[in-house]
Structure formats: C-alpha cells, structure tokens
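> kindly return the folded structure for what I paste below:
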Amino acid sequence: MSDQRTALVLGGGGITGIAWELGVLAGLAEAGTDLTGADLVVGTSAGSVVGAQVTSGADLELLFARQLEPPTGEKPARLRRSSLASFGWAVLRSRGRDVEFRRRIGALALAAERAGLTPSEQERLDVIGERLVGAQWPDRPLTVTAVDAETGEFRPFDRDSGVPLLHAVAASCAVPGVYPPVTIDGRRYVDGGMRSAANADLADGYDRVVVLAPIPRGFGPMASVDAQVTGMVARVAVVVPDAASRAAIGRNVLDPAARPGSARAGRAQAAGVAAQVAEAWTG
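Residues are numbered from 1 along each chain as shown. From the prediction side, this is the model:
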C-alpha cells in the first residue's frame, strides 16, 4: 500500500455541504476509514473549507461538533431568482464554451457586488476566517479551486501559489450573485464550483480516490462528478447525499439552520457507504 497514492476530493454544496461532508468524514473514521490523511486533498467551495480544516491537524470529532452548534448570528443567504435566470442565460449564450460561461458568470458576480446585493469583501473574509482552524497553509498537499471573474480562467491555489489560505478559501466560496468576488493579487475570483462542483479531475493520476459530492450533477458546461472520474486509472468511490441527507439539507444549502441536521445525516449515511469507501481506499 505504501506506493498507492490517495486523494480526497471535497465538492461544493454551501453551508449544509460543509456540515454533511464533515459528518460523512467523522462517520467513516468511526467505521475504520480515516480519509483525512490523504496524500492530496482537493477542495471546491464548501469543500475548500472542509479541506482546510481537516488538513490543519484539528480533531475531526471537534470539527463535527462545531457543526452541531446553534447558528446564532449567522444569516441565511439565497441565490436570487434574477441570478438563477442569469445563470440560465449564460448557459445559452455560451453554447457549451466553458470559459465563456465562467466569464459571463463572473460578470454577474461583479455586477451584483456593484449593485450592493452582496456583503462587503471584508465581511465575507471575516466569516470564512471564523470557519478556518488556522491562517496558514497546511504542510500536507491541499488544492483550493477558484475562477477568475473577468477572464473565466480556472485557478487552483496551493501553498506554493503565494496566496493566503484565507483568501484562497474565500474565493472558492464566493458564490456569484450571493457573495462578492475576492481580490487576490489585483484579480477578482469567484467560486471554483463554476467549473465543476467538485473538480475531481485534479485527482487524476492518483491510485485511490474518494469524492464527497454534495452536488454531483453538472449544469451547462460545468462537468458532473461522474464525467470527471470516468476513465480515471484508479480505484474511485463517489459518495453523494442519500435520501435522508437530501431531506436534512433541504432546498437552501446556504441556510445555517440546516447545518446540524445535515451533519448528523452525513454521519448516519457513512455507515452505509463505509464498505464501498474502504474498498476504494485500502482494499
């Protein structure tokens, strides 16, 4: 097993996605498969928060317990209908061209910020900072994904990128139309999920891959998880929310009130997928 390289891919899915992923990870560790020691962790949006947390050395049970705390002081957010319509229009206008799609979505994010429809960038950085365990990149390989709001270019960040961890994670979590783009080296960046909800292809070349995907489907030019793992020369396990987890997550993934239930549902679901995950990870 020593020569088998492992990768843990953590996809996007809002506040409830963070909770669900930590629940699944805690449940899997309890069942005997601890994924947090992966040789590579890839985090997108919600997954970037979880990735930064689990590679920090923080105790997984403490991270899980934090998800069960009452959401005092946190306000629910929601993607506006106008933004959803703009997403659909971007799909039609882009005609399958992924970079063009991302550029149009980036323009939407910048316009929403100018119109005062999002919190300030500093407010958002403060919120993300509260979620992180530390301010420094971990010693272990962690890749956090984002998209340039002006060019649509996909940008993975890691500890060698020279970008502060806080800014990389905040950029990866910058849902267009809801949260402001994040400034990094004079550029503005938005949610890495605008390329793919999980960006699982960044784990290509690893021998054993587990993907936790709160949102497995693609949208327009955004690749689905299945499309990205198909053809990988690796043992792969993809875990998506089951019916109970979907019910706990509810219709608004940005509602803090659904966080405790999502965490508990993820942990409960872990028992049912433990054998599948263990087979991919160590079998």
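> okay, the host helix or strand of residue 101 in CSV with CA atoms only?
Using DSSP states H and E, residue 101 sits in helix 98-114. Extracted C-alpha coordinates of helix 98-114, given in CSV (Å, rounded to 0.1, in the frame of the first residue of the first chain):
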residue,chain,number,x,y,z
ASP,A,98,-16.9,26.5,-20.6
VAL,A,99,-14.5,29.5,-20.3
GLU,A,100,-17.1,31.8,-21.9
PHE,A,101,-19.7,30.5,-19.4
ARG,A,102,-17.4,31.2,-16.5
ARG,A,103,-16.6,34.7,-17.8
ARG,A,104,-20.3,35.5,-18.0
ILE,A,105,-20.9,34.2,-14.5
GLY,A,106,-18.0,36.3,-13.3
ALA,A,107,-19.6,39.3,-14.8
LEU,A,108,-22.8,38.5,-13.0
ALA,A,109,-20.9,38.4,-9.7
LEU,A,110,-19.2,41.7,-10.3
ALA,A,111,-22.4,43.4,-11.2
ALA,A,112,-24.2,42.0,-8.1
GLU,A,113,-21.4,43.5,-6.0
ARG,A,114,-21.6,46.9,-7.7
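> buried residues, the helix or strand that that helix is followed by. List them.
Where DSSP H and E defines the elements, the next helix or strand beyond helix 98-114 is helix 121-131. Residues of helix 121-131 classed as buried by neighbour count (16 or more other C-beta atoms under 10 Å): 121, 124-125, 128, 131. In this view, the C-beta of every residue, glycine as well, is placed from N, C-alpha and C.
> so which residues of the protein form helices?
14-30, 46-54, 60-67, 81-94, 98-114, 121-131, 165-172, 225-229, 243-249, 259-281 (DSSP state H).
> could I get these as TSV with mean pLDDT and distance to residue 37?
Below are the helices of the chain laid out as TSV (pLDDT from 0 to 100; distance: least, C-beta to C-beta, whole Å):
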stretch	mean pLDDT	distance to residue 37
helix 14-30	98	10
helix 46-54	98	9
helix 60-67	98	11
helix 81-94	60	37
helix 98-114	91	33
helix 121-131	96	22
helix 165-172	98	19
helix 225-229	93	21
helix 243-249	98	24
helix 259-281	98	10
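> hmm, back to that, so the helix holding residue 101 versus helix 121-131, what angle?
In terms of direction (axes from the mean of the first three to the mean of the last three C-alpha atoms, to 10 degrees), helix 98-114 departs from helix 121-131 by 110 degrees.
> show me what helix 98-114 is packed up against.
In terms of contacts (3 or more C-beta pairs under 8 Å, 6 or more residues apart in numbering; DSSP states H and E), helix 98-114 is packed against helix 81-94, strand 142-148, strand 187-191.
> how distant is it from the center of its chain?
19 Å (C-alpha atoms, centre = their mean, to the nearest Å).
> thanks a lot, see you next time.
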